[in-house]
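Participant: Could you look at this predicted model? Sequence included:
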Amino acid sequence: MQIYKVGGAVRDRLLGRPVTEVDWVVVGASAEEMQAKGFRPVGADFPVFLHPETGDEYALARTERKSGRGYGGFTFYASPDVTLEDDLIRRDLTINAMAEDEQGRVIDPYGGQRDLQDRLLRHVSPAFAEDPLRVLRVARFAARYAPLGFRVADETQALMRQLSQSGELKDLTAERAWKEISRALMEPRPDVFVSVLHGCGALAELLPEVDALFGVPQPAAHHPEIDTGDHVLRVLRLCAERELPLTVRWACLLHDVGKGTTPENEWPRHIGHEHNGRPLIEAVNARCKAPRDCQELAVLVGEYHTHAHRALELRPNTLLELLQHFDIYRRPQRFEEFIAACEMDARGRRGLEQRDYPQALYLRGAADAARAVSVKPLLEKGLQGAELGEALRRERLKALKAYKASQNGQTTEE
């Protein structure tokens, strides 16, 4: 029995990056031998065991063979005669197909160290094209390592296009796809993830609503970058630079999908894109089975982001309606995330990345003014039910009118 450290732990150590999790592979052992040594079996699809003391996962060296469509369409073979090289060749990228023995020596049969030096994400073998999930994984690694100068090798891009055209991406379960998408959006360069998927045709299969934005022009006066897809990439990059949460990044990815439905004869204007985008965002949310908080914020940002941009011009009653939509009294954090997404949208434009966004401060002040209205005096008057609700609305509207008037002439009543 020989035990090797494999995959990401070896890769990240060689890159000088923190190693967050360690995978182990066991060569020359059977399931019975593992259990005799106290390892506890946990794997259903292939033999994986928990170390009796550390609880770490140890997998028997295995080979795999394509037996169906999709991510799960494989049969596995684990036996003492499976070599380390046999196990490593089934992995996706050469930089993930290295092992390290107990003495710290690197076993690198497929050129992973060379590709680390050349900053290349390159597939290990033609079997790469058998697993559609690998398209997403490679794009995610591109998003993670882009700051180090990594790029996807041309021949690997060709296989990714082949997979995208095969139709097998549609066989991925929503849960598996969402796991990769959500992880990729939290990488240092989520824009690279989207760009790589767009380049190989996978974005059109997985998120056609987003893919449709590339090549759609916007007014140059507001969007010097012109292309709507380019704008979305810029917004995502700013989200990562600000280290914003997944909810905001997901909302920013989808905020302009309504522009993809604008007839060409109306370009570059996109009147009503906020309203037009709502059913598309809801469809993406449902298809990807995004978490509820991501779904809700994406819908709200899509429908109301232009309200935020015009915040200083909004009438008090329109401002109150906006605040009510976000339930700012019980869910203040969601409104903060909305403001963050809108600020990224305003700044995700060529040459305008450092622009001021006074709307953020103004909206926070308006929310504070509305929250400061106390319900107690109204209860003391004996108001209840619909009558109480209407009185509370009137008091909040009065507070917003006073707030607007206090802003030193920044806005005028419409």
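Facilitator: Perfect, I can see it now. Residues are numbered from 1 along each chain as shown.

Participant: Please make it C-alpha for all contacts and neighbour counts, starting now.
Facilitator: Noted.

Participant: just so I have it, where are all the strands in this protein?
Facilitator: For the chain, the strands defined by DSSP state E cover 2-6, 23-27, 40-41, 48-50, 57-60, 62-66, 74-78, 99-100, 106-107, 120-121, 151-152.

Participant: residues near the closest residue to residue 123 other than its chain neighbours, how many?
Facilitator: Spatially, and ignoring its direct neighbours in sequence, residue 123 is nearest to residue 93 (4.3 Å; Cα to Cα, 6 or more residues apart in numbering). By other Cα atoms under 10 Å, 27 other residues sit near residue 93.

Participant: I figured residue 93 hits residue 124, correct?
Facilitator: Yes. Under the criterion of Cα atoms under 8 Å, residue 93 makes contact with residue 124 at 5.2 Å.

Participant: ok so, going back, OK, contacts around the residue nearest to residue 123?
Facilitator: Residues in contact with residue 93 (Cα atoms under 8 Å, 6 or more residues apart in numbering) are 112, 121-124, 138.

Participant: could you dump the residues you listed to JSON lines with pLDDT and distance to residue 189?
Facilitator: Output for the contacts of residue 93, formatted as JSON lines (pLDDT from 0 to 100; distance: Cα to Cα, whole Å):
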{"residue": "112", "pLDDT": "98", "distance to residue 189": "22"}
{"residue": "121", "pLDDT": "98", "distance to residue 189": "15"}
{"residue": "122", "pLDDT": "98", "distance to residue 189": "19"}
{"residue": "123", "pLDDT": "98", "distance to residue 189": "21"}
{"residue": "124", "pLDDT": "97", "distance to residue 189": "24"}
{"residue": "138", "pLDDT": "98", "distance to residue 189": "13"}
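
Participant: and of those, the nearest to residue 355?
Facilitator: The closest of the contacts of residue 93 to residue 355 turns out to be residue 138 (Cα to Cα; 33.9 Å).

Participant: Out of the strands of the chain, the one nearest residue 270 is which?
Facilitator: That would be strand 151-152 among the strands of the chain, by Cα to Cα, at 34.3 Å.

Participant: average pLDDT for that closest one?
Facilitator: The average pLDDT for strand 151-152 rounds to 98.

Participant: ranking the contacts of residue 93 by neighbours, who comes first?
Facilitator: Counting by other Cα under 10 Å, top hit in those: residue 123 with 29 neighbours.

Participant: Surely that one and residue 90 touch.
Facilitator: No. Counting by Cα under 8 Å, residue 123 does not reach residue 90; the two are 9.9 Å apart.

Participant: overlap in contacts of the two?
Facilitator: In contact with both residue 123 and residue 90: no residue, using Cα under 8 Å, 6+ apart.

Participant: residue ranges for the helices of the stretch 201-350 of the chain, please.
Facilitator: 202-206, 208-211, 228-241, 246-254, 273-288, 292-309, 316-325, 332-347 (DSSP state H, counting those that start in this stretch).

Participant: In CSV, list the ones you listed along with mean pLDDT and distance to residue 400.
Facilitator: Shown next, in CSV, are the helices of the stretch 201-350 of the chain (pLDDT from 0 to 100; distance: least, Cα to Cα, whole Å):
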stretch, mean pLDDT, distance to residue 400
helix 202-206, 97, 43
helix 208-211, 98, 37
helix 228-241, 98, 30
helix 246-254, 98, 27
helix 273-288, 98, 25
helix 292-309, 98, 16
helix 316-325, 96, 6
helix 332-347, 98, 17
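
Participant: who wins for proximity to residue 382 among these?
Facilitator: helix 316-325 (23.7 Å).

Participant: for this structure, what are the low-confidence residue spans?
Facilitator: 43-46, 65-75, 408-414 (pLDDT under 70).

Participant: can you pull the contacts of the most centrally placed residue in it?
Facilitator: Central residue of the chain (Cα atoms, centre = their mean): residue 185, 2.6 Å from the mean position. By Cα under 8 Å, 6+ apart, the contact set of residue 185 is 191, 193, 246, 249-250.

Participant: so which two of those residues are the farthest from each other?
Facilitator: 193 and 246 (14.4 Å).

Participant: quick one: which of the two has more around it?
Facilitator: The neighbour count for residue 193 versus residue 246, taken as other Cα under 10 Å, is higher for residue 193 (26 against 18).

Participant: so that one touches residue 142, yeah?
Facilitator: Yes. Judged on Cα under 8 Å, residue 193 makes contact with residue 142 at a distance of 6.4 Å.

Participant: any idea how far residue 201 is from residue 407?
Facilitator: 49 Å (Cα to Cα, to the nearest Å).

Participant: ok, these two, which is more surrounded?
Facilitator: Neighbour tally, residue 407 and residue 201, criterion other Cα under 10 Å: the higher count belongs to residue 201, 18 against 13.

Participant: quick one: contacts for that one?
Facilitator: 161, 164-165.

Participant: now the residues you listed: which count as buried?
Facilitator: With neighbours counted using 16 or more other Cα atoms under 10 Å, these contain these buried positions: 161, 164.

Participant: In CSV: the contacts of residue 201, plus distance to residue 171.
Facilitator: Below are those laid out as CSV (distance: Cα to Cα, whole Å):
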residue, distance to residue 171
161, 16
164, 11
165, 13
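
Participant: Out of the contacts of residue 201, which sit inside helices?
Facilitator: 161, 164-165 (DSSP state H).

Participant: Which single one of the residues you listed is nearest to residue 285?
Facilitator: residue 164 (21.3 Å).

Participant: any idea how far the closest one lies from residue 129?
Facilitator: Distance from residue 164 to residue 129, by Cα to Cα: 10 Å.

Participant: any shared contact partners between those two?
Facilitator: Contacts common to residue 164 and residue 129, judged by Cα under 8 Å, 6+ apart, are absent.

Participant: in stretch 238-249, what's buried?
Facilitator: Buried positions in stretch 238-249, judged by neighbour count with 16+ other Cα under 10 Å: 238-240, 244, 246-249.

Participant: Select, from those residues, the two members most distant in space.
Facilitator: Most distant of the buried residues of stretch 238-249, by Cα to Cα, are 238 and 247, 14.3 Å apart.

Participant: Please name whichever of the helices of the stretch 201-350 of the chain is nearest to residue 390.
Facilitator: helix 316-325 (12.8 Å).
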